[in-house]
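**Student:** Kindly return the folded structure for what I paste below:
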Amino acid sequence: MKKRWIVALVCCTMAVTAAAGCGGRPAYKDGTYRAQSETYRNGDDDSEAGNGYGVVEITIKDNNITACTFQTYELDGTLKDAEYGKEGGQVANRDYYNKAQKAVAACDQYAAQLVEKNDIRDIDAISGATINYNEFLDAAKAALQQAEE
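**Tutor:** The predicted structure is shown next:
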């Protein structure tokens, strides 16, 4: 009786471990993979502020993420860069510009976290850059799906 109980326990443990995937991530093929997030549209008003999408490029070598870039774009395809948050090339609203630039800076931080941690599940959101966080996760998941063996 005791032997059957042990065998049953071992079998159950193995089944649970297999179903959970041992907490690991999939195996990835070497290469560079690029993907775009879904388009974000600010639903609160008619403003175009914050609307856009993100593009990630991930390089895999020996099943490790060795490089990652992430950039965000306005709906018309304009890169959100040092000019993002300005109106007519000028900082009309300092608070808005600072928030926009914080979001731009977060792009590099999200990409760096992915290379450092090598697992998308370990990426931490950055306060003030939640939209970029969601765009990053969306695009990175799509790129990593392409890389799965």
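
**Student:** any idea how far residue 94 is from residue 134?
**Tutor:** Residue 134 sits 26 Å away from residue 94, going by C-beta to C-beta, to the nearest Å. All C-beta spots, glycine's among them, are computed from the backbone N, C-alpha and C.

**Student:** And those two? Which one has more around it.
**Tutor:** residue 134 (15 against 9; other C-beta atoms under 10 Å).

**Student:** Show me the helices in this protein, by range?
**Tutor:** 2-20, 94-117, 130-147 (DSSP state H).

**Student:** quick check: angle from the last one to helix 94-117?
**Tutor:** It stands for helix 130-147. For helix 130-147 against helix 94-117, the angle by axes from the mean of the first three to the mean of the last three C-alpha atoms, to 10 degrees is 30 degrees.

**Student:** and helix 130-147, how far from the chain's centre?
**Tutor:** Helix 130-147 has its C-alpha centroid displaced from the chain centroid by 4 Å (C-alpha atoms, centre = their mean, to the nearest Å).

**Student:** list the buried ones in it?
**Tutor:** For helix 130-147, the neighbour count (16 or more other C-beta atoms under 10 Å) marks 131-133, 135-140, 142-144, 147 as buried.

**Student:** before we move on, what about the second one?
**Tutor:** Of the residues in helix 94-117, those buried by neighbour count under the rule 16+ other C-beta under 10 Å are 97, 99-101, 103-104, 106-107, 109-111, 113-114.

**Student:** what's it packed up against?
**Tutor:** Helix 94-117 is packed against strand 53-61, strand 64-73, helix 130-147, with contacts defined by 3 or more C-beta pairs under 8 Å, 6 or more residues apart in numbering; DSSP states H and E.

**Student:** Report the backbone C-alpha coordinates of the longest one in CSV.
**Tutor:** It stands for helix 130-147. The C-alpha coordinates for helix 130-147 follow below in CSV (Å, rounded to 0.1, in the frame of the first residue of the first chain):
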residue,chain,number,x,y,z
THR,A,130,2.8,52.1,-18.4
ILE,A,131,1.5,52.5,-22.0
ASN,A,132,5.1,51.9,-23.2
TYR,A,133,5.3,48.9,-20.9
ASN,A,134,2.2,47.3,-22.4
GLU,A,135,3.4,48.1,-26.0
PHE,A,136,6.8,46.6,-25.1
LEU,A,137,5.3,43.4,-23.7
ASP,A,138,2.9,43.0,-26.7
ALA,A,139,5.7,43.5,-29.3
ALA,A,140,8.3,41.4,-27.4
LYS,A,141,5.9,38.5,-27.0
ALA,A,142,5.2,38.6,-30.7
ALA,A,143,9.0,38.7,-31.6
LEU,A,144,9.8,35.9,-29.1
GLN,A,145,7.0,33.8,-30.6
GLN,A,146,8.7,34.0,-34.0
ALA,A,147,11.9,32.8,-32.3
